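Asks: Return a 3D structure for these sequence lines:
(one chain, ligands or ions: 1)
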Amino acid sequence: MKKVILAYSGGLDTTCCIPWLKERGYDVVCFSANLGSEFSPQDLHKRAKKTGASKIYVLDLQKEFAKDYILPALKAGAIYEDKYVLSTALGRPLIAKHLVDVARKEKASFVAHGCTAKGNDQVRIDVAVKMLNPKLKIIAPLREWELTSRESEIEYAKNKRLPIKTTKEKIYSIDKNIWGVSIEAGILEDLENEPKEDPYIFTQSLAKAPNKAESVTIEFTSGVPVALNNKKMDFLSMIEKLNKIGGKHCIGRSDLVEDRTVGIKSREVYEAPAAWILIKAHKELESVVLDKDVIYFKEIVALRYSQLLYQGLWFSKLKMSLDSFVNSTQKPVTGKITLKLYKGNILISKRCSKNSLYRKELATYGAKDEFNRDDAKGFIDIFAMPYAQRR
Ligand code: ARG
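Replies: Have a look, this model is predicted:
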């Protein structure tokens with residue numbers, strides 16, 4: 001029998017994939033990566049078996065995800081089109097890597113996933129699988145099957161008595177991991193509809209957010225977050241903690257009309273409290289310890305880096321080279337940043353670093369000014385010369 005390893009989330013799409021693949025003669029082995037999803041391993045085991053899988057691997061990859069995928073993106077300052085911290089995009093190469101590993105272990109020559117034919121995730125998983133093991137054959141049932149809408153998938157699942165949780169009324173497609181939640185479909189497809197409160201997982205509403213600001217202090221060592229509120233903590237625990245604190249203050253919601261790799265503009269709503277807090281804190285610290293040439297160039301790198309991640313080119317040579325550049329800038333990024341969280345806002349409160357390039361004696365307007373005002377005129381004369389020439 002042909003064996004296929006299915007990247008299985010337990011959601012509607014991958015649930016429908018199991019009987020569909022079996023009907024086509026495949027032995028279906030599920031592989032489920034826990035990056036902070038909603039289903040417990042026990043639940044996944046039960047549901048996959050009930051749906052007809054012969055075996056399921058559930059791997060808790062949260063630590064690896066935090067350390068090897070989220071952290072490089074944080075250091076690089078990767079944000080797509082100003083509003084998306086790339087939470088879903090960052091998870092895909094990791095899932096693909098383990099999918100390929102399980103296929104090797106199981107001696108399977110097929111892998112499958114439940115990504116839609118219009119989305120970015122099919123690109124990300126397919127490209128990563130092709131880069132890691134070009135011999136594997138990839139099946140994407142959603143690119144082939146007759147179930148062309150979520151409604152028809154729900155109908156199919158009901159007829160086959162598959163264990164699903166989606167209802168027609170609540171028809172969002174939600175992807176959640178520790179770095180953020182991506183929400184699309186349903187009423188969000190109409191750009192004139194404001195998102196309702198129901199799909200959010202991490203954040204409570206702005207109305208319910210406390211009327212009092214809360215401070216958080218994040219300490220970094222060479223670009224790596226190491227302590228929260230003066231308590232040493234591993235990166236994963238810090239993300240979890242900040243999702244709770246930030247979620248309470250309605251931090252990190254965004255609503256973006258974005259450019260998909262397949263050319264479509266689509267609307268997605270995101271929430272990523274920890275991600276935004278950490279990204280802001282990291283950037284604040286960089287503004288204090290990095291010189292302007294590095295800062296400007298790093299911004300260019302961040303833009304390109306975010307596009308590479310979005311397009312699924314995680315394992316590309318360029319991405320690796322950009323990582324080398326980013327890492328080479330992070331040595332002095334050590335210090336503490338205090339932010340205030342208040343009703344959806346992240347406000348800077350304190351900056352402290354032994355590597356600070358800020359010199360009060362130069363910046364001050366007070367009596368202890370050491371800046372040589374006489375130098376300014378000559379500098380400006382020469383600086384302005386090419387612009388001030390008469391034509
Ligand atoms: N638009 C995001 C991306 O391409 C998220 C895609 C998945 N979204 C979802 N709601 N399932 O990375």
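Asks: residue boundaries of the strands in the stretch 151-300 of the chain?
Replies: For the stretch 151-300 of the chain, the strands defined by DSSP state E, counting those that start in this stretch cover 173-177, 180-184, 214-221, 224-228, 231-232, 253-259, 265-271.
Asks: Out of the ones you listed, which is closest to I164?
Replies: Proximity to I164 (Cβ to Cβ) singles out strand 173-177 among those, at 12.8 Å. Every C-beta, even on glycine, is put in place using the N, C-alpha and C of the backbone.
Asks: could you give the mean pLDDT of the closest one?
Replies: Strand 173-177 shows a mean pLDDT of 92.
Asks: Repeat that for stretch 315-335.
Replies: 98.
Asks: Need the contact partners of it.
Replies: 72, 75-76, 93, 128, 131-132, 219-224, 282, 285-286, 288-290, 294, 298, 301, 304-305, 308-309, 313, 351-356 (Cβ atoms under 8 Å, 6 or more residues apart in numbering).
Asks: Okay, buried residues for that stretch please.
Replies: 319, 322-323, 326, 329-330, 332-335 (16 or more other Cβ atoms under 10 Å).
Asks: Next: stretch 238-257.
Replies: 238-243, 245-254, 256.
Asks: go on, stretch 171-189?
Replies: 171-186, 188.
Asks: what do you get for stretch 37-54?
Replies: Within stretch 37-54, the residues that count as buried by 16+ other Cβ under 10 Å are 37, 39, 44-45, 47-48, 51-53.
Asks: and which of these is nearest P163?
Replies: After measuring those against P163 - Cβ to Cβ - the closest member comes out as R47, at 4.9 Å.
Asks: wait, that closest one sits on I18?
Replies: No: using Cβ atoms under 8 Å, R47 is not in contact with I18, being 9.5 Å away.
Asks: Tell me the spacing between T221 and L285.
Replies: Remark: distance between T221 and L285 (Cβ to Cβ, to the nearest Å) = 11 Å.
Asks: who are the neighbours in contact with the nearest residue to D369 once chain neighbours are set aside?
Replies: Nearest non-adjacent residue to D369, counting by Cβ to Cβ, 6 or more residues apart in numbering: E361, 7.1 Å away. Residues near E361 by Cβ under 8 Å, 6+ apart: 368-371.
Asks: after the strand or helix carrying E361, next one along is what?
Replies: Element membership for E361, per DSSP states H and E: helix 360-363. As assigned by DSSP H and E, the chain's next helix or strand after helix 360-363 is helix 373-388.
Asks: buried sites along that following helix?
Replies: Buried-residue list, helix 373-388, by 16+ other Cβ under 10 Å: empty.
Asks: Spell out which residues of the stretch 201-350 of the chain are next to the ligand.
Replies: Taking Cβ under 6 Å from any ligand atom as the test, the list of the stretch 201-350 of the chain residues beside the ligand reads E268.
Asks: Residue of the stretch 201-350 of the chain closest to the ligand, please.
Replies: Closest to the ligand within the stretch 201-350 of the chain is E268: 4.4 Å, counting by Cβ to the nearest ligand atom.
Asks: Provide a list of residues in contact with the nearest residue to that residue once chain neighbours are set aside.
Replies: Leaving aside its sequence neighbours, E268 sits nearest to E184 (Cβ to Cβ, 6+ apart; 4.7 Å). Going by Cβ under 8 Å, 6+ apart, E184 touches 172-173, 266-269.
Asks: Kindly report the same for N193.
Replies: I187.
Asks: Relative to V269, how far out is it?
Replies: 10 Å.
Asks: just I18 next, same as before
Replies: Distance, I18 to V269, by Cβ to Cβ: 29 Å.
Asks: Also S109?
Replies: S109 sits 39 Å away from V269, taking Cβ to Cβ as the criterion.
Asks: More neighbours: which of the two?
Replies: Taking other Cβ atoms under 10 Å, S109 and V269 do not tie; V269 has more neighbours (21 against 14).
Asks: Isn't the more buried one up against D255?
Replies: Yes: assessed by Cβ under 8 Å, V269 is found in contact with D255 at 5.0 Å.
Asks: any residues in contact with both of these two?
Replies: Here V269 and D255 have P195 as joint contacts, going by Cβ under 8 Å, 6+ apart.
Asks: what's A112 in contact with, if anything?
Replies: By Cβ under 8 Å, 6+ apart, A112 lies in contact with 4-7, 17, 21, 26, 28, 138-141.
Asks: Please repeat the previous calculation with a cut-off of 6 Å.
Replies: A112 makes contact with 4, 6, 139, according to Cβ atoms under 6 Å, 6 or more residues apart in numbering.
Asks: what is it paired to in the beta sheet?
Replies: L6, I139 (DSSP bridges).
Asks: pLDDT score for it?
Replies: At A112 the predicted local distance difference test score is 98.
Asks: three-state assignment of P332?
Replies: Assigned state for P332: coil (three-state reduction, DSSP: H, G, I helix; E, B strand; the rest coil).
Asks: Then I348?
Replies: Per three-state DSSP, I348 ends up strand.
Asks: How about it, nearest residue that isn't a chain neighbour?
Replies: E284 (5.5 Å).
Asks: wait, is D27 part of a strand?
Replies: Yes: looking at D27 with three-state DSSP, it is inside a strand.
Asks: pretty sure it is touching L6, no?
Replies: No: using Cβ atoms under 6 Å, D27 and L6 do not qualify as a contacting pair, with a distance of 10.5 Å.
Asks: Neighbour count for the two, which is higher?
Replies: The residue with more neighbours, out of D27 and L6, is L6; 28 against 16, by other Cβ under 10 Å.
Asks: Could I get the pLDDT score of that one?
Replies: 98.
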